[in-house]
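Asks: Predicted model and sequence below, questions to follow.
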Amino acid sequence: MKKYEQLDISGDAGLRIWGENLEELFANAAEGMSELITDLPGIEETEGKEVFLSSERNEDLLVKWLNEIIFLFDTYGFIGKRFDVSLKNYTLRANISGGIYNPATNESRLLVKAATYHGLSLKKDNSHWEAVVIFDI
């Protein structure tokens, strides 16, 4: 199964994401969004971050999660490469392994500003989960 695919959306960027379970979908969403920003194989894993979030719905939690990763990038230059996600009762706990983005050595792709609720979907389809997320760029 594919992890994610980029969607062609005029003026914005989008991802269709899949996972065997919600944890895998959330990890794949984070990886896909990070790939929109830069070429992940070029990022050295030199540090880690822990994230704790909660919400009342999984859709809200997905948007909060992706926006938290954008915050880490915008504030600290930290870009995640590997995402270990655990979900329980609409609470997310994640360990992110990654490094500091260096514009001199890392490819610059899109300037992702935010994950949005526009066109957001999250559903279980038979044996797997699928989501669509649109990003402001």
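Replies: Sure, I can see it. Residues are numbered from 1 along each chain as shown.
Asks: isn't Leu25 right up against Arg16?
Replies: No: taking contacts as C-beta atoms under 8 Å, Leu25 lies outside contact range of Arg16: 10.8 Å. The way it works is simple: take the backbone N, C-alpha and C, and place the C-beta from them, glycine included.
Asks: now the helices for the chain?
Replies: Counting by DSSP state H, the chain has these helices, from start to end: 22-37, 58-76.
Asks: hey, which of those helices is tucked in deepest?
Replies: Mean neighbour count (mean count of other C-beta atoms under 10 Å) peaks for helix 22-37 among the helices of the chain, with a mean of 22.
Asks: Which elements pack onto the lowest-mean-pLDDT helix or strand in the chain?
Replies: The weakest-scoring helix or strand in the chain, judged by mean pLDDT, DSSP states H and E, is strand 4-9 (a mean of 91). For strand 4-9, the elements it packs on are strand 12-19, helix 22-37, strand 128-136, judged by 3 or more C-beta pairs under 8 Å, 6 or more residues apart in numbering; DSSP states H and E.
Asks: List just the one of the helices of the chain that sits closest to Glu5.
Replies: helix 22-37 (8.1 Å; C-beta to C-beta).
Asks: Mind giving me the packing neighbours of the closest one?
Replies: Against helix 22-37 (3+ C-beta pairs under 8 Å, 6+ apart) you get strand 4-9, strand 12-19, helix 58-76, strand 78-88, strand 91-100, strand 128-136.
Asks: what angle sits between it and strand 128-136?
Replies: 30 degrees (axes from the mean of the first three to the mean of the last three C-alpha atoms, to 10 degrees).
Asks: and helix 22-37, how far out from the chain's middle?
Replies: The chain centroid and the centroid of helix 22-37 are separated by 4 Å, computed with C-alpha atoms, centre = their mean, to the nearest Å.
Asks: now that helix and strand 4-9, what's the angle there?
Replies: Going by the same axes, to 10 degrees, helix 22-37 makes 50 degrees with strand 4-9.
Asks: Let's check: the centremost residue of this protein is which one?
Replies: Ala30 (1.9 Å; C-alpha atoms, centre = their mean).
Asks: Next up, the contacts around that one.
Replies: Taking C-beta atoms under 8 Å, 6 or more residues apart in numbering, we find Ala30 in contact with Trp65, Leu66, Ile69, Gly80, Phe83, Val85, Ala94, Ile96.
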